[in-house]
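K.L.:
mind folding the following:
(one chain, ligands or ions: 1)
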Amino acid sequence: MHQPSAPDSPAPDPAPDNAGPSPASAAPGSFHTQPVSYVRRGSRLQGRRQQAWDDYAEAFVIDVPRVAGDTSVDPGYEFDAEAAFGRRAPLVVEIGSGLGEAVCHAAQEHPEWNFLAVEVYRPGLAQTLLRIGTKQLSNVRVVQANAPEVLATMLPAGSVAELWVFFPDPWHKTRHHKRRLVKDSFAPLAARVLEPGGLWRLATDWSSYAIQMREVGNAAAGFVNVHDGERTGPASPLTQVWESGVEQEVGGAPVREGKAPVSTGNASQGEGMDELGGWAPRFEGRALTSFEQKAHEAGRGIFDLTFRRTGD
Ligand SMILES: C[S@@+](CC[C@H](N)C(=O)[O-])C[C@H]1O[C@@H](n2cnc3c(N)ncnc32)[C@H](O)[C@@H]1O
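P.N.:
The predicted structure is shown next:
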């Protein structure tokens, strides 16, 4: 996993940064009684995306048996990577792959690895198929599915070399934090699928979510923080974001719920020093996606974390 690249795609459709609860049409709205981390967005395909679906779905989309709705996974179904890819190779799984920028770039850089893109948003998967076709990649498969279900039952235990979660929807408001993908209940699912020594890589551009990710990973059974204790104090991206006060405003408007900043409890300039650290350097294998580019343009910080699966 090396060498970031410039984005090679149009900007993605907007993520539901401040989306409310799923509408009734978003069935199933929960998995194991937990609210899902996404809102239902349009699934209609047009133009090049429809054409890409027609041309490539049969070869590259994993046809998953469903139980309720088109993002569910029948818990009795198990993914056979060797059959799907026609070979045995280390498997990288990207959760919430969006338009496929990161996964397709990495797949091109690493033809010796297999890549599975997991995404609920069908137009995003169609765009990923378009990239697969344009780049003539043979080592990427995509699945339209709710990630926790993929990790809980679809992927065989210990079958994944790397699990990537890059820029998941931040769900800023406190009352929506339960919708965040990376929370305590996610860690055992990540631990289940990763092989001993496997890596769980995370990135976000929001400090509140970064803190939550760090807490979840540091506390999770079966993981160690690869960069434990690194980048503390002034070197911490968290200290830098607190120092800059950049998260107090997004697009010129204050990001607030009531009186409290929604993104961080320490959003005022000069408030707080992160003594814990544990931040990874930017993952070189991650292409600069449109989401990350927008964060840079807004002056926000980028937080990377890497946890290694210990052998049990
Ligand atoms: C903010 S976007 C980031 C996309 C991409 N990782 C990037 O950096 O460009 C988050 C993506 O996660 C997807 N997503 C959210 N919850 C998901 C879930 N439970 N399972 C699969 N995908 C999910 C959304 O549809 C969205 O495309």
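K.L.:
what about the protein, any weak spots by pLDDT?
P.N.:
Counting by pLDDT under 70, the chain contains low-confidence residues at 1-30, 248-271, 312.
K.L.:
spell out which residues of it are next to the ligand.
P.N.:
For the chain, the contact set with the ligand under C-beta under 6 Å from any ligand atom comprises 12, 15, 36-38, 95-98, 101, 118-121, 124, 146-147, 166-169, 181, 289-291. In short, each C-beta sits where N, CA and C put it, glycine included.
K.L.:
helix/strand/coil for the spatially closest residue to Ala145 that is not a sequence neighbour?
P.N.:
Nearest residue to Ala145, sequence neighbours excluded (C-beta to C-beta, 6 or more residues apart in numbering): Val73, at 5.1 Å. Taken by DSSP: H, G, I helix; E, B strand; the rest coil, the conformation at Val73 corresponds to coil.
K.L.:
just Tyr56 next, same as before
P.N.:
Assigned with three-state DSSP, Tyr56 falls in the helix class.
K.L.:
quick one: contacts for it?
P.N.:
By C-beta atoms under 8 Å, 6 or more residues apart in numbering, Tyr56 lies in contact with Leu129, Leu130, Ile132, Gly133.
K.L.:
what about the residue of the stretch 201-312 of the chain at minimum distance from the ligand, distance to His172?
P.N.:
Among the residues of the stretch 201-312 of the chain, Thr289 lies nearest to the ligand; the distance is 3.5 Å by C-beta to the nearest ligand atom. Thr289 sits 20 Å away from His172, going by C-beta to C-beta, to the nearest Å.
K.L.:
now Ile132
P.N.:
Separation of Ile132 from His172 (C-beta to C-beta): 33 Å.
K.L.:
spit out the contact partners of the residue lying closest to Asp304 once chain neighbours are set aside.
P.N.:
Nearest non-adjacent residue to Asp304, counting by C-beta to C-beta, 6+ apart: Ala280, 4.1 Å away. With contacts defined as C-beta under 8 Å, 6+ apart, the neighbours of Ala280 are Arg201, Val226, His227, Glu230, Asp304, Leu305, Thr306.
K.L.:
include neighbour count and secondary structure when you put those residues into a markdown table, please.
P.N.:
Formatted as a markdown table, the entries for those read as follows, by neighbours: other C-beta atoms under 10 Å; DSSP: H, G, I helix; E, B strand; the rest coil:
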| residue | neighbour count | secondary structure |
| --- | --- | --- |
| Arg201 | 21 | strand |
| Val226 | 16 | coil |
| His227 | 16 | coil |
| Glu230 | 14 | coil |
| Asp304 | 20 | strand |
| Leu305 | 24 | strand |
| Thr306 | 21 | strand |
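K.L.:
hmm, Val182 is touching Ala220, no?
P.N.:
No. Between Val182 and Ala220 no contact is recorded; they are 10.4 Å apart, counting by C-beta atoms under 8 Å.
K.L.:
neighbour count winner among these two?
P.N.:
Neighbour totals were compared for Val182 and Ala220, and Val182 leads with 24 against 19 (other C-beta atoms under 10 Å).
K.L.:
A helix includes that one, no?
P.N.:
No. Assessed with three-state DSSP, Val182 is coil; it does not lie in a helix.
K.L.:
show me the residues of the chain next to the ligand that map onto strands.
P.N.:
When these are checked against strands using DSSP state E, the ones located there are Ile95, Val118, Glu119, Phe166.
K.L.:
the second one bridge partners, please.
P.N.:
Which is Val118. Here Val118 sits in beta bridges with Ile95, Val143, as judged by DSSP bridges.
K.L.:
count the residues that sit near it.
P.N.:
27.
K.L.:
next: the last one.
P.N.:
A total of 23 residues lie near Phe166 under the criterion other C-beta under 10 Å.
K.L.:
roughly how far does it sit from Arg180?
P.N.:
From Phe166 over to Arg180 the distance is 14 Å, taken as C-beta to C-beta.
K.L.:
thinking again about what came up before, Ile132 and His172 - which one has more neighbours?
P.N.:
Between Ile132 and His172, counted using other C-beta under 10 Å, Ile132 has the larger neighbour count: 27 against 23.
K.L.:
can you tell me how far the more buried one sits from Ala126?
P.N.:
Taking C-beta to C-beta as the measure, Ile132 falls 10 Å from Ala126.
K.L.:
sorry, back to before: now the two most distant members of the contacts of Ala280.
P.N.:
Among these, the pair separated by the greatest distance (C-beta to C-beta) is Arg201 and Glu230, at 15.2 Å.
K.L.:
skipping adjacent residues, who's closest to Leu199 in space?
P.N.:
Closest residue to Leu199 in three dimensions, ignoring its sequence neighbours and counting by C-beta to C-beta, 6+ apart: Glu162, at 4.8 Å.
K.L.:
ok, which stretches of the stretch 51-200 of the chain are helices?
P.N.:
81-85, 101-109, 122-135, 147-149, 187-193 (DSSP state H, counting those that start in this stretch).
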